[in-house]
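> Attaching a predicted model along with its sequence, questions to come.
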Amino acid sequence: MADIRTRYDALVIGGGITGMQAALDLGEQGYDVLLIEKYASIGGIMVGLNKVFPTLDCSSCICTPRMAESSHHAHIQVQTWAEVRQVEPEGDGFVARIERKARYVDEDTCIGCSKCELVCPVDVPHEFDQCLGARRAIYIPHGNAIPQKAVLDVEHCIFCGKCEKVCPTECIVFDQEPEMVETRVGAVIVATGLDITPMGKKPEYGGGRFLNVMNPLAMERVQSSNGPYGRVLRPSDGKIPRKIAYVQCAGSRDRSIGIPYCSRVCCMYALKQALLLRHYIHDVEVTLYHMDIRAFGKGYEQFYRRTMNEGVRVIKGKVATINEVENNDVVVRVELLDEGGRVEEHRYDLVVLAQGLVPAWHAHGVVACAEADDGFMATPEAKINPSYTTLVGVYVAGVAAGPKDIPDAIVEAGEAAMAAAGRLQRIGWHRAPAAAAAAH
Amino acid sequence: MSYRLNPGLSEELAEFGGSTVNKCFNCGNCTAVCALSEGDTVFPRKIIRYLQLGLDRRIEESPEPWMCYYCGTCSETCPREAHPGELMMSLRRWLMTRYDVTGLARRLYTSTRWEVGMLVGVALIVLALFVVPGLLGAPFGFSAVQGDALEHVRLDLFAPKDVIHIGDLILAFGLLVMLGLAAFRMMRFVMRGEHAPQAPLAVWLQQLPQLLIHGVTQKRWLACDRDTRGPWLRHFLLVSGYATMFLLVVAFLPWFQRDGADFHWTALFGYYGTVALMALTVIAIRGRLKKADPYHAFSHVTDWLFLILLFLTALSGILLHVFRLFDLPWPTYVAYVAHLMIAVPMLVVEVPFGKWQHLVLRPVAAYLVAVREAGARARVEAAAPQAVAA
């Protein structure tokens, strides 16, 4: 892996679909981009999704080409397993301090042969599969990962040395140290994406204690053909779930847990997952409890209708409590608003919480951009310059700026890239020949 | 059935403390999270919907607000911070003004000036009762403080038991009539409603014990999902202390009111009642100040006055007792009058027109709901006898 140079045109923080798109849009114009990703592979959330609404395209099939393109692009340098620690204005541009975390594997020599992970005796719940599957203590992040390079999880490694013995290129470096590197850039694009809303403040929903209450990303993995089970099974006993419920607004539009906003995508991803469950499991009963259905995008309302036509039951009423009963079945209690306000309890094999979106990253202490009240990056000119942050030269795109779906994130990535390109032209950063020559 | 809407209902409720009606977006979380909301008795959302629509007659016809014991779970989990528990609370205040025929309850709840004015007015009448007879030449009250009454505590001269006892009985009778009237009005409202209990007389009689059970134990409160044993016990002890004192004064006054330092066993009950009142009013006042529990987060003026009056009643009673034991004539007489000037207004104003109506309204509501449920069960059984047998 190439060393990080002392100068680039733009720094993109976050290697998900938004960050990759922004980097590509800049790279295609000839700007040199440094793309920093904290995980060991680029691809972000999208590469772990099963299918995308409303087209039901295979998510990884349309995401992996972007990943490959980003990582092979002449003007884009991808650095995974690294985090931006500080971005400070300096002259016309910025100086960025980036930590390359210790991978304990030499990226230049690792050939991604997988021999290390095959001999590693340690099984660890795999974050990429929402901890439903396992990985090894040394592992290649996942089948579609880019780069296909191993990373060693020093927290769980028992230092038995088996991987080192079997590695054909002797690329395992147990004494690797994290490294701080400094570079100068003319513009920064923040594309740090999302986490799903934590459920700790919602004890009525079990707070993660119930085996058969899943988060939506776990359901994406379970539905994926390369997921942890390879088919849809429920976690507690591996049986095929025949009765499944979706609980909408589980962590959105809820002032009691401090998240008053609508996360925008939950209705659609839940409808999509529910529809696919009807395709994947014969005779499955899928019920979706909601406050309202917000199907706002192109083709979304039609998709909502289709979902109902294909047998997903959509019921108005916010689920108030979720409890586990014998056999790890799950009981939800809800007022059926369209049926005279009757309160009923229903038992399910599996419940999916349609958790909302929260920012995965906070600028505080890294770059002097303000946050909005909702915790996402502040966008003071949200209407006319949606990618502008409170700091000139730093732009934001995707969910880092607020909840949105993939098409909107891609549009915003393009907007941020154009705004950054305009700035690079304006300040003459790209053309500064002396500096460029020094850098190359 | 047609209804006249009251578009100003939510503004009206704001005068009773509930100002969040229009925050509610009807998700149904509150109803489903409430363990007491079951069968045909569903609240708070349905009732809040009535509020939003201005269906005041429907609300009058609903016993549901009285089935809520304000554990606060709905308020804590409400996605809109619409505080459904507090809305139910203010709705109970509003309903009491609907049950009241005099219009005084409404004045009391919507105007602090009226409330304080009425309390002070009744207190002055009590004071006058100890002053005026003397001016007219009767040896009662302050005019009786002469001779031996100056040397020793002689309540038998200052306020003879038989006279005071008659006053107590008149007071108790008046309160009973007013409470009965409120309960009657509530029943009439509920019976005119769409969901009125429908049951044969036998069921009405069969369910009568519910009235007593709920009146004495408030046991539905314990069915809340969260642990309500603490608040339930505190409420129970407070009521037991209060009821003890009330009975001592109304039924046992000839034995309870003593002179000098002589002791009668009724004093033991007096000590219990006093300790319970003192301790629990202090705990409740502290709770309302700290606002740690959801049901203490909002305090209406009447909530404060109620606690303060109870506390002062107990305090003045203690002073009266101590002064008498130490045989201090004047302090005893003054404490006696002061005690009555606090306790009587509290009873006359707060019981028939204020918060204390709930002591009959809750059991009556529980009774009506029990009859409604039993009636519905009977109808189901009558419709499908074989299914029940199976």
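Received, thanks.

> which residues of the stretch 251-390 of chain B fall in helices?
B:253-256, B:266-290, B:301-325, B:329-345, B:351-353, B:358-383, B:385-389 (DSSP state H, counting those that start in this stretch).

> Name the stretch among these that sits most buried.
Across the helices of the stretch 251-390 of chain B, the average number of neighbours (mean count of other Cβ atoms under 10 Å in any protein chain shown) peaks for helix B:351-353, which reaches a mean of 23. No exception for glycine: its C-beta is placed from N, CA and C like everyone else's.

> Which elements pack onto that one?
Judged by 3 or more Cβ pairs under 8 Å, 6 or more residues apart in numbering or on different chains; DSSP states H and E, helix B:351-353 is in contact with helix B:104-110, helix B:161-192.

> Just list the residues touching residue B:15, thanks.
B:109-110 (Cβ atoms under 8 Å, 6 or more residues apart in numbering or on different chains).

> mind redoing it with 10 Å?
B:90, B:93-94, B:97, B:106, B:109-111 (Cβ atoms under 10 Å, 6 or more residues apart in numbering or on different chains).

> Spatially, what comes nearest to residue 213 if we skip its sequence neighbours?
Answering for chain A, as no chain was given. What sits nearest to residue A:213 in space, not counting adjacent residues and going by Cβ to Cβ, 6 or more residues apart in numbering or on different chains, is residue A:351, at 4.9 Å.

> meant chain B, my bad for not saying
residue B:219 (6.7 Å).

> and what of residue B:318?
Per Cβ to Cβ, 6+ apart, closest to residue B:318 is residue B:274, 6.1 Å.

> Pretty sure that neighbour sits against residue B:311.
No: contact criterion Cβ atoms under 10 Å: residue B:274 and residue B:311 do not qualify, at 11.1 Å.

> hang on, the earlier thing: for the residue nearest to residue A:213, report the pLDDT, please.
As predicted, residue A:351 sits at a pLDDT of 98.

> Contacts only, for the spatially most central residue of chain B.
Central residue of chain B (Cα atoms, centre = their mean): residue B:356, 1.7 Å from the mean position. Contacts for residue B:356 (Cβ under 10 Å, 6+ apart) come out as B:96, B:175, B:179, B:242, B:306, B:346-347, B:349-350.

> out of those residues, which is most surrounded?
The residue in the contacts of residue B:356 with the most neighbours, by other Cβ atoms under 10 Å in any protein chain shown, is residue B:349 (27 neighbours).

> Who's the closest spatial neighbour of it, skipping the chain neighbours?
residue B:118 (5.0 Å).

> Which secondary structure state is assigned to that neighbour?
helix (DSSP: H, G, I helix; E, B strand; the rest coil).

> can I get the helices and strands packed on helix B:351-353 in TSV with distance to residue B:141?
Shown next, in TSV, are these (distance: least, Cβ to Cβ, whole Å):
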stretch	distance to residue B:141
helix B:104-110	28
helix B:161-192	10
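
> just these: most buried one?
helix B:104-110 (a mean of 21).

> what does that helix contact?
With contact meaning Cβ under 10 Å, 6+ apart, helix B:104-110 is reached by B:12, B:15-17, B:90, B:93-100, B:113-119, B:178, B:182, B:300-302, B:305, B:349-350, B:352-355, B:357.

> Low-confidence ranges, the stretch 251-390 of chain B, go.
B:385-390 (pLDDT under 70).

> quick one: residue A:209 from residue A:258, how far?
21 Å (Cβ to Cβ, to the nearest Å).

> contacting residues for residue A:165?
A:115-116, A:119, A:172.

> Read off the pLDDT value for the closest residue to chain A within the stretch 151-300 of chain B.
Residue of the stretch 151-300 of chain B nearest chain A, by Cβ to the nearest Cβ: residue B:225 (7.9 Å). Residue B:225 is assigned a predicted lDDT (pLDDT) of 81.

> same question, residue B:233
So, for residue B:233, pLDDT stands at 94.

> how about the residue lying closest to residue A:257 once chain neighbours are set aside, secondary structure?
Closest residue in space to residue A:257, ignoring its immediate chain neighbours: residue A:201 at 4.1 Å, by Cβ to Cβ, 6+ apart. With three-state DSSP as the basis, residue A:201 sits in coil.
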